[in-house]
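> structure here, sequence nowhere to be found:
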Ligand SMILES: Cc1cc2nc3c(=O)[nH]c(=O)nc-3n(C[C@H](O)[C@H](O)[C@H](O)COP(=O)(O)O)c2cc1C
């Protein structure tokens with residue numbers, strides 16, 4: 001393992017007790033130098049594979065690349081500048097996408113939901129293995145579609161950076177270092193988004 005490897009644990013003030021796997025997950029921007037093996041990666045994809053999906057259509061698709069490979073460099077190049085500035089240190093990058101249509105040719109309104117469940121499974125499996133998953137909306141989906149020959153019927157949704165928790169926050173620019181070392185995670189209170197009856201828009205955002 002590299003020098004200055006710091007594993008940051010974040011304070012997560014839950015209102016009810018949840019399983020440690022969920023409580024301890026967070027989205028870092030530095031990672032340990034420890035490589036993720038192909039077998040480990042396929043374990044993560046296997047966890048995703050067994051997610052529920054509407055009509056078992058499994059509309060998810062994933063492109064992956066390991067640092068040092070051509071696929072990795074091509075994925076990195078599709079991220080926006082902000083995400084490239086830190087994700088370039090991650091040992092593995094992914095692009096996620098979903099098939100937009102049903103076998104009938106009509107729109108599959110639940111495909112994005114299913115991809116989310118896939119990534120939820122993958123993220124939980126990764127957490128169990130000590131691997132951090134940082135999802136990124138900041139990917140140029142048109143560029144990715146061109147770069148990887150993705151047909152029009154698929155929508156590129158996110159880039160994802162993966163790596164074992166660790167690494168040195170000192171390598172980050174000051175603003176990101178501050179976020180990385182912020183001790184506490186936060187969430188809206190349940191009253192803002194959980195309703196036992198009529199919908200009430202109490203959320204501030
Ligand atoms: C769909 C999605 C898109 C995201 N996009 C980005 C991104 O482009 N860049 C980034 O640095 N973080 C991104 N994030 C990470 C979120 O900012 C992070 O999950 C959120 O602040 C909560 O922090 P936590 O995951 O550490 O609990 C994204 C997360 C999700 C789920």
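Now that the structure is in, tell me what you want to look at. No experiment lies behind these values; they were computed from the predicted model shown.
> make it CA atoms for all contacts and neighbour counts henceforth
Will do.
> show me the contacts for the residue positioned nearest the centre of the chain.
Centroid check for the chain by C-alpha atoms, centre = their mean gives residue 135 as the closest residue, at 2.8 Å. Residue 135 makes contacts with 27, 158-161, as judged by C-alpha atoms under 8 Å, 6 or more residues apart in numbering.
> if we go to 6 Å?
residue 160 (C-alpha atoms under 6 Å, 6 or more residues apart in numbering).
> surely it is within a strand?
Yes - assessed with DSSP: H, G, I helix; E, B strand; the rest coil, residue 135 lies in a strand.
> with adjacent residues omitted, what lies nearest to residue 177?
residue 169 (5.6 Å; C-alpha to C-alpha, 6 or more residues apart in numbering).
> got it, and residue 156?
Leaving out its chain neighbours, the residue that sits closest to residue 156 by C-alpha to C-alpha, 6+ apart is residue 97, at 4.1 Å.
> so which bits of the strand or helix carrying the one you found are buried?
Using DSSP states H and E, residue 97 sits in strand 92-99. For strand 92-99, burial by neighbour count (16 or more other C-alpha atoms under 10 Å) applies to 92-99.
> residue 14: neighbour count?
For residue 14, the count of nearby residues is 12 (other C-alpha atoms under 10 Å).
> phi, psi for the closest residue to it other than its chain neighbours please.
Leaving aside its sequence neighbours, residue 14 sits nearest to residue 23 (C-alpha to C-alpha, 6+ apart; 7.8 Å). The phi and psi values for residue 23, taken as degrees, to the nearest 10, are phi -70, psi -30.
> show the pLDDT at residue 23.
For residue 23, the model assigns a pLDDT of 97.
> next, the buried residues of stretch 169-179.
169, 172, 176-177.
> whoops, I mixed them up, stretch 73-89
Applying 16+ other C-alpha under 10 Å to stretch 73-89 flags 75-79, 83-84, 86-89 as buried.
> near the ligand, which of those residues show up?
Contacts with the ligand are made by residue 83 out of the buried residues of stretch 73-89, judged by C-alpha under 6 Å from any ligand atom.
> and the top helix by length along the chain, what does it pack onto?
Ranked by residue count and defined by DSSP state H, the top helix of the chain is helix 111-128. With contacts defined as 3 or more C-alpha pairs under 6 Å, 6 or more residues apart in numbering; DSSP states H and E, the packing partners of helix 111-128 are helix 38-49.
> outside of the helix it packs on itself, list whatever touches it.
With C-alpha under 6 Å, 6+ apart, helix 38-49 has contacts from 118, 121-122.
> how far does that helix sit from its chain's centre?
14 Å (C-alpha atoms, centre = their mean, to the nearest Å).
> now the angle from it to strand 92-99?
Using axes from the mean of the first three to the mean of the last three C-alpha atoms, to 10 degrees, the inter-axis angle of helix 38-49 relative to strand 92-99 is 30 degrees.
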